[in-house]
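S.K.: Here is the input, now give the coordinates:
(chains A and B)
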2 protein chains.
Amino acid sequence: MISIADLQRRIDAGDLSADAALAQSLEATNAQEKTIGAFVCHDSNARAQTAGPLRGIAVGIKDIMDTTDFPTEMGSPIYRGYRSRGDAAVVMLLKQAGATIVGKTTTTAFASSDPTPTLNPHNHGHTPGGSSSGSAAAVGAGMIPLALGTQTGGSVIRPASFCGTAAIKPSYRLLPTVGVKCYSWTLDTVGLFASGVDDVARGLAAMTGRPELLLPSDLPTPRIGVVTQDFADAPEAAGAEALQMAAKAAERAGAAVRTLHVPEIIAEAWRIHPVVQEFEAHQALAWEYRENYDALAPNLRGRLDESKGETPAAYDAAIAVASRARHALAKLFDEVDVILTLSAPGGAPKGLGSTGDPRYNRLWTLMGVPCVNVPTLIAEGNLPVGVTVIARYGADAQALAAARFVEQALNHG
Amino acid sequence: MISIADLQRRIDAGDLSADAALAQSLEATNAQEKTIGAFVCHDSNARAQTAGPLRGIAVGIKDIMDTTDFPTEMGSPIYRGYRSRGDAAVVMLLKQAGATIVGKTTTTAFASSDPTPTLNPHNHGHTPGGSSSGSAAAVGAGMIPLALGTQTGGSVIRPASFCGTAAIKPSYRLLPTVGVKCYSWTLDTVGLFASGVDDVARGLAAMTGRPELLLPSDLPTPRIGVVTQDFADAPEAAGAEALQMAAKAAERAGAAVRTLHVPEIIAEAWRIHPVVQEFEAHQALAWEYRENYDALAPNLRGRLDESKGETPAAYDAAIAVASRARHALAKLFDEVDVILTLSAPGGAPKGLGSTGDPRYNRLWTLMGVPCVNVPTLIAEGNLPVGVTVIARYGADAQALAAARFVEQALNHG
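M.R.: Numbering: from 1, shown residues only, chains lettered A, B, ... in the order given. Model (predicted):
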């Protein structure tokens, strides 16, 4: 993989020009894209900017985000050839930080669950995950050092786990969703994929103008609570092993690690996540569903068909549960600095028939808390498996620092 | 003005066809539009739907909301001729309820403060207010029975007060903003203009599929707390008179009316509203500001220039103040059912140089609470002045019922 930290150090030292850094990504993309299929479209002639912390950094943008330089097709024939008038807010944040947008990455239709043709860079017979399939695969394949995705259920953390990249789903609305196609306004969150935790932190700090997100030189030793999410059923062997391995490595590195039992209201929030998601999707995608029913991807259409009868009362009750669960979760963070949990049930599923299961991600999306994927082990079939480090709402810097602590503990383990 | 309740009763009774109801609006629009200038574009051949509670109801849509049947120009040459691929979620809610979109109404550029050419229907020498200028004027002039606007500071309640219409700015996110141009995601709220409170309630109930928003046949007698918003300076004589008149009428009609003093944190929230608004606008409108600076309307450009240096730390502090103020406000609603306050400093200002002052509206937008404008008196120059009835977050039905109580008290006073 291409590391932002490495490129930045060499550019800052004068050992590498921004143009040369960008050229490295364009060459890697040209070499691998034919096999992996991570991009909907990309520009082999993209130029580096001359200033900004992300100069020379090639970025892939999930194809549900508006870009003036490329069409925005939402993974759906309904938006074939669609050109937005402006750039999404996050695209502008990247440009203002000096980055170069090199292309649009594949997305399941409207960031739902209908697979794209993208292959997992670690095993071409497996899915890269979704819905941010192309962004995860492009970074995991070493084509580009940074990509944007979105998560409504588990569309950033899960594909990052499957493709062996670090990633962050930041606190709700730390990054704006203006110009990003909406599925559920309570859930949709823009996230970043990059090589390692330091790289993710550098990307997010540059985009937001928040230097406090950069990793401190002295990492604090976190108090870690392990959450197994039993309410979401047991993981596969590789998933369980990754969680145990990360917990043990952190403990060996000096962290206080304990098992954390979550109150019932939090399990209840996990259960009602789909109610919030689909009720809002019926409004957010009303034009697509009502006026373009036959052109909708089958999984998405099926999900919308099934949830058609959801009532405002059920939605209001779900929102109330989520609110109570957020308060309960905030209390848990009085006892631990971060939560350590599963990023996925196991390695990426075989074939391209499914993008995998977001069941260990969706609760945290609804809670709005920052989640960082840390690549943890390589399971049978050369399939990466990660774990998730989660901090209190708004404590993205703490989530990143603790994730870096776990990442280092695993590397030195 | 054209009343939704009246049209619905006649259509339901078989005394009026949906086509004839719609034709009445189209004729009124053709007769007055040349003078008032409420529309950017409209369709004189629009047809009624045959089913749905809003069949035969002609609706005007603020021109920052995506529509497939009309361009969406955001009140700015930057979006000249822009056609969205789909309909905004609220436009689809209207269509699903049977309404007919007859045109796009004028908006200040990106719903900021640069005036449109629209005239106040009650006195052509005065502004209709803004930013939802055309929607307020079209309903106030009796051209159409329903129009949508948005409020980020005071862009629904203030023009409703100036144009003598009822209006609601519902609880934050009761109506989706998907497909509505964003200025500030924490503040932007879609609202409705209609003839009276009952008409507003019927429109909102039909759009949301929430019959509990309809007025009850027996209106409860509300406990009312009068808030003068001294932190926002004193109103003009007409504004003060309207507030006093509404309070006295409600008291005469049996309501318990008392003066409510708000805690300092709520005044502090009023002060930091612009910090939230402009910090988010710099991200939401980054493409427009950075790539189309010279084409931006001057007031908006000036506001963005002035707020360019706002820091993430100042924004975070403002968001924290807003959160504490919301809790403090929720406690106030343990003592009263609704708050009664000013909708505007007075009647609409003279000329078209300014859309008026949103200083009595912006706090409530930041608080996310439902606000209903009740037309109260006609000041010198034939200029309407309204008052605002506000309920607890999520209690839109209670806000509407109490607003209707005040409206009736004024009419019978």
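
S.K.: make it CA atoms for all contacts and neighbour counts henceforth
M.R.: Will do.

S.K.: Strands along chain A, start to end?
M.R.: A:39-42, A:58-62, A:100-105, A:146-151, A:166-169, A:189-194, A:223-226, A:256-259, A:338-342, A:371-379, A:383-390 (DSSP state E).

S.K.: wait, which of the ones you listed is closest to residue B:223?
M.R.: Of all those, it is strand A:189-194 that lies closest to residue B:223, at 40.6 Å by C-alpha to C-alpha.

S.K.: Quickly check: that closest one near chain B or not.
M.R.: No: against chain B, strand A:189-194 shows no contacts by C-alpha under 8 Å from any C-alpha of the partner chain, the least distance being 13.2 Å.

S.K.: what packs against that strand?
M.R.: helix A:133-140, strand A:146-151, strand A:166-169, helix A:197-208 (3 or more C-alpha pairs under 8 Å, 6 or more residues apart in numbering or on different chains; DSSP states H and E).

S.K.: Could you point out which of those sits nearest chain B?
M.R.: Chain B lies closest to helix A:197-208 among the helices and strands packed on strand A:189-194, at 8.1 Å (C-alpha to the nearest C-alpha).

S.K.: Go through the strands of chain A and pick out the most buried.
M.R.: strand A:166-169 (a mean of 32; mean count of other C-alpha atoms under 10 Å in any protein chain shown).

S.K.: Redo the strands of chain A as CSV? Include mean pLDDT and distance to residue B:314.
M.R.: Formatted as CSV, these follow (pLDDT from 0 to 100; distance: least, C-alpha to C-alpha, whole Å):
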stretch, mean pLDDT, distance to residue B:314
strand A:39-42, 98, 38
strand A:58-62, 98, 29
strand A:100-105, 98, 29
strand A:146-151, 98, 26
strand A:166-169, 99, 23
strand A:189-194, 98, 22
strand A:223-226, 98, 30
strand A:256-259, 98, 34
strand A:338-342, 98, 26
strand A:371-379, 98, 24
strand A:383-390, 98, 25
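
S.K.: Tell me the residues of chain A that contact chain B?
M.R.: A:79, A:82, A:85-90, A:92-93, A:176, A:178, A:182, A:209-210, A:283-288, A:312.

S.K.: Can you select the buried ones from the residues you listed in PyMOL?
M.R.: A single PyMOL command suffices to select whichever of the residues of chain A next to chain B are buried according to 16 or more other C-alpha atoms under 10 Å in any protein chain shown:
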select buried, chain A and resi 79+82+85+86+87+88+89+90+92+93+176+178+182+283+284+285+286+287+288
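
S.K.: who touches the spatially closest residue to residue A:201 that is not a sequence neighbour in this structure?
M.R.: Closest residue in space to residue A:201, ignoring its immediate chain neighbours: residue A:214 at 5.4 Å, by C-alpha to C-alpha, 6 or more residues apart in numbering or on different chains. Residues counted as contacts of residue A:214 (C-alpha atoms under 8 Å, 6 or more residues apart in numbering or on different chains) are A:198, A:201, A:202, A:205, A:397.

S.K.: Show the buried residues in these.
M.R.: Here, 16+ other C-alpha under 10 Å leaves A:198, A:201, A:202, A:205, A:397 buried among these.

S.K.: who's in contact with the second one?
M.R.: With contacts defined as C-alpha under 8 Å, 6+ apart, the neighbours of residue A:201 are A:213, A:214, A:215, A:400.

S.K.: How much space separates residue A:230 from chain B?
M.R.: In this view, residue A:230 and chain B are 33 Å apart by C-alpha to the nearest C-alpha, to the nearest Å.
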